[in-house]
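Asker: sequence-free structure coming up:
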C-alpha cells in the first residue's frame, strides 16, 4: 500500500525561481509554515546539481522533523530520484507531464510505495479525467488558474492556445476525479479562499512563495487561508479509492 500523503499546500521550486536565494532556505520557510509537499523542478540545473539540490531539500525536511509528513517529489527526472535515493536522500516520488517519461516506467523503477503525480491533460480535460486509467497514478496536477510566466506553456492546448480554468471548472474537476487533485498556475493568496471551497485536495504555487519579498510570511498566509477556508475546517483527503482498485 502506498503511504499516506498530503498535497494540500504544495510548493514547486527550482534555483531559477528564487531571485538568487538558496532553494533550501525557502523550502525551510515553507515547511515551517506548514507546507505539506515540495516538488524540486528545474529546466536549467544539471543532473548533478539536481541531485545535490534534492539532497539539500531532503535534509531540510528531516531537520524540521517532518520527513513523515512532507512529501518530497522531483519533476520529470527519474534518474535524479534514483540517484538521490541511492545516495541516501529520502525522496518520495516523481511528478511527470504528458510528454515526460511514462507513468508505468516510473512505477516499475520506483516501486509501489512511491508517489507519482501526473499533470492532467489540458485538451478535453474532463473527458480525460473521467477515462484515464489511474491505477498507477496517485494524484493529478491541474490548471492553470491564471496564465503564469513561471511556466508559460502551462495550459497550452493542441492548437497552441492557453486555457485557464474557472473555479466552476475546478469544482467539476474535483467531482469527476477518482484520485486527489492539486490545482495551481498563477495562484495567489487572494485565490485561496475560493479555491479551498471547490473540493480539490490542494493548491500548488511557485512564485507566490519563491519570489516573494518575505517567503516565510507569504507561506504562512497561504497555509492559514487554505486551512481556515476548507469546508468544515477539515484537512485535505490524503487518498481516494482508485478506479479498479480496493480501498486503501
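Answerer: That came through, no problem. If you're wondering where the values come from, they're calculated on a predicted model, not measured in any experiment.
Asker: ranges for the helices of the chain?
Answerer: Under the criterion DSSP state H, the chain contains helices at 23-33, 47-63, 78-86, 103-110, 125-131, 167-176, 192-196, 207-210, 215-229.
Asker: the closest residue to residue 76 other than its chain neighbours and residue 141, how far apart?
Answerer: Closest residue to residue 76 apart from its sequence neighbours, by CB to CB, 6 or more residues apart in numbering: residue 100 at 4.8 Å. Any C-beta I mention is one placed from the backbone N, CA and C, and that applies to glycine too. If you measure residue 100 against residue 141 using CB to CB, to the nearest Å, the figure is 12 Å.
Asker: do residue 217 as well
Answerer: Residue 217 sits 26 Å away from residue 141, going by CB to CB.
Asker: before we move on, what about residue 43?
Answerer: As it turns out, when the distance is counted by CB to CB, residue 43 lies 16 Å from residue 141.
Asker: which one's more surrounded, these two?
Answerer: Set residue 43 next to residue 141 and count neighbours by other CB atoms under 10 Å: residue 141 wins out with 25 against 9.
Asker: where does the protein dip in pLDDT?
Answerer: Judged by pLDDT under 70, the chain has its weakly predicted residues at 1-3, 147-162, 232-248.
Asker: again, 80 this time
Answerer: Counting by pLDDT under 80, the ranges of the chain that qualify are 1-3, 121-124, 147-163, 232-248.
Asker: let me see the contact set for the most centrally placed residue in it.
Answerer: Note on the chain: the residue nearest the mean C-alpha position is residue 10, at 5.1 Å, using CA atoms, centre = their mean. Contact partners of residue 10, counting by CB atoms under 8 Å, 6 or more residues apart in numbering, are 35, 36, 37, 38, 39, 182, 184, 202, 203, 204, 205.
Asker: closest to residue 195 among those residues?
Answerer: The shortest gap between residue 195 and any of those belongs to residue 203, at 5.6 Å (CB to CB).
Asker: next, count neighbours for that closest one.
Answerer: Residue 203: 27 neighbours (other CB under 10 Å).
Asker: hmm, residue 227 and it touching each other?
Answerer: No. In this structure residue 203 lies outside contact range of residue 227 using CB atoms under 8 Å: 11.6 Å.
Asker: residue 48 versus the residue nearest to residue 76, what's the distance?
Answerer: Distance from residue 100 to residue 48, counting by CB to CB: 20 Å.
Asker: more neighbours: those two, which one.
Answerer: In terms of neighbours (other CB under 10 Å), residue 100 is the more surrounded of residue 100 and residue 48; the figures are 17 against 10.
Asker: pretty sure the more buried one is touching residue 41, no?
Answerer: No. The criterion here is CB under 8 Å, and residue 100 misses it with residue 41 at 11.4 Å.
Asker: now the common contact residues for those two.
Answerer: residue 76.
Asker: skipping adjacent residues, who's closest to residue 95 in space?
Answerer: If you skip the residues right next to it in sequence, residue 95 has residue 117 as its closest partner in space, 4.0 Å away by CB to CB, 6+ apart.
Asker: need the contact list for the one you found.
Answerer: For residue 117, the contacting residues are 7, 39, 73, 93-96, 137-141, 182, taking CB under 8 Å, 6+ apart as the criterion.
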